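Peer 1: just to be clear, the model below is a prediction. Sequence and coordinates:
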Amino acid sequence: MIKTSSIKKVRDLISEQKKNTKSVGLVPTMGAFHEGHESLIKKARKENDYVVVSIFVNPAQFAPNEDYNLYPRDIKSDLLKAENNGADLVFMPNDKVIYPEDYSTYVTVEELTDKLEGKSRPSHFRGVTTIVTKLLNIVTPDNAYFGQKDAQQLAVVKRMVKDLNMPVKIVGCPIIRNQSGIALSSRHHYLNRTQMKTAVGIYESLKEGVKMIKSGTSDFGAVKERILDVLQNFGIKRIDYVEFNKWESLEPLRKPEGKVLISLAVRIGNTRLLDNVILDSPRL
Ligand code: AMP
């Protein structure tokens, strides 16, 4: 496995692969790998001849009051995990390589980014779509891998690629959970044991919501009440949102219709955690 922070080196290695008609897969990450990241790398390994993993904690997607400085970084362990899961190249640029002093270009996707996470974090997706565009331009992969864990991010990136005719396939990957059902997140580094126990309530609440919908409840208002109840029973009181949207258009839904994304964001201590499920509306 090769590691580099140089854009030129990445381009040279990729053009060599492409000369030999090899397919290239990209897994963009912010590091602090867990099994969720590893599952993306594994999938990329299965589906491509050459696998690139990028590690870059992207300052542009953090607001000034957010956790950019605290964000967990563990490059040694990440490199080991990348290699063990079959990565060929790890691209780990520094801030100056990605955002030189005169940097002034940003990519924005409208509407889709106004809701859910976008409401709580107004500048977040502008940072995400900008870095993803840059990484796609640098690596020029055939396939790029994103987790459903960040469902809105996946929908936004898919829309951007479609709208801008970018020649890449965006591959969505399932959420990896621990034994208690908690969706793995690098931000779990911030949680103590008691808080991890509390976090179990997040997926429990979503499962209750799914159960209600599957058993015929068509009023999402009632489902939301139930989800809020479960969260509160687990001691989760700071709830940013619980929402029901059509997957992948993210149109708000009041009742089942097609594929439904139930997503939520809560705070446990100072840590903001996300989770979601996507389910088919039952035929009634
Ligand atoms: P991050 O390093 O948090 O930017 O995440 C890098 C990629 O890993 C994103 O596409 C995430 O959606 C994905 N990811 C993060 N957590 C999980 C998880 N628990 N299961 C599957 N994918 C995940």
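Peer 2: Sure, I can see it. A quick note: this is a predicted structure, and the numbers were derived from the prediction, not measured.
Peer 1: now check stretch 104-119, is it near the ligand?
Peer 2: No - Stretch 104-119 does not reach the ligand (C-beta under 6 Å from any ligand atom); its nearest approach is 11.9 Å. Glycine gets a C-beta too; all of them are placed from N, C-alpha and C.
Peer 1: and that stretch, what's buried?
Peer 2: Applying a neighbour-count criterion of 16 or more other C-beta atoms under 10 Å, one finds 107, 109, 112-113, 115-118 buried in stretch 104-119.
Peer 1: just those residues: which are in strands?
Peer 2: Taking DSSP state E, every one of the buried residues of stretch 104-119 sits outside strands.
Peer 1: and which of these is nearest to the ligand?
Peer 2: The shortest gap between the ligand and any of the buried residues of stretch 104-119 belongs to residue 117, at 11.9 Å (C-beta to the nearest ligand atom).
Peer 1: that older thread, okay, the buried residues of stretch 104-119 in a markdown table with distance to residue 243 and pLDDT next?
Peer 2: What follows is the buried residues of stretch 104-119, written out as a markdown table (distance: C-beta to C-beta, whole Å; pLDDT from 0 to 100):
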| residue | distance to residue 243 | pLDDT |
| --- | --- | --- |
| 107 | 25 | 98 |
| 109 | 18 | 98 |
| 112 | 13 | 98 |
| 113 | 14 | 98 |
| 115 | 7 | 97 |
| 116 | 6 | 98 |
| 117 | 10 | 98 |
| 118 | 12 | 98 |
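Peer 1: Throw the residues you listed into CSV and include distance to residue 92, thanks.
Peer 2: Listed next are those as CSV, based on distance: C-beta to C-beta, whole Å:
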residue, distance to residue 92
107, 22
109, 26
112, 29
113, 27
115, 32
116, 30
117, 25
118, 28
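Peer 1: now, which of these sits nearest residue 134?
Peer 2: residue 107 (8.7 Å; C-beta to C-beta).
Peer 1: pretty sure that closest one is touching residue 126, no?
Peer 2: Yes - counting by C-beta atoms under 8 Å, residue 107 touches residue 126, with 7.4 Å between them.
Peer 1: can you tell me the SS state at the closest residue to residue 180 other than its chain neighbours?
Peer 2: Sequence neighbours aside, residue 200 is the residue nearest to residue 180 in space, at 4.8 Å (criterion: C-beta to C-beta, 6 or more residues apart in numbering). For residue 200, the secondary-structure state derived from DSSP: H, G, I helix; E, B strand; the rest coil is helix.
Peer 1: quick one: low-confidence residue ranges for this structure.
Peer 2: Scanning the chain for pLDDT under 70 picks out 284.
Peer 1: can you list the domains in it?
Peer 2: By the assignment in automatic domain parsing, the chain contains the domains 2-173, 186-277.
Peer 1: residues of this structure that sit close to the ligand?
Peer 2: By C-beta under 6 Å from any ligand atom, the residues of the chain that approach the ligand are 29-30, 36-37, 39-40, 146-147, 149-150, 173, 175-176, 183-186.
Peer 1: take those and keep only those in helices.
Peer 2: Taking DSSP state H, the ones among those that sit in helices are 36-37, 39-40.
Peer 1: same list (the residues you listed) but as TSV, adding neighbour count.
Peer 2: Output for these, formatted as TSV (neighbours: other C-beta atoms under 10 Å):
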residue	neighbour count
36	21
37	26
39	19
40	27
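Peer 1: got the contact list for whichever residue of the stretch 101-250 of the chain sits closest to the ligand?
Peer 2: Of all residues in the stretch 101-250 of the chain, residue 147 sits closest to the ligand, at 2.4 Å by C-beta to the nearest ligand atom. For residue 147, the contact set (C-beta atoms under 8 Å, 6 or more residues apart in numbering) comprises 36, 39-40, 154, 172-176.
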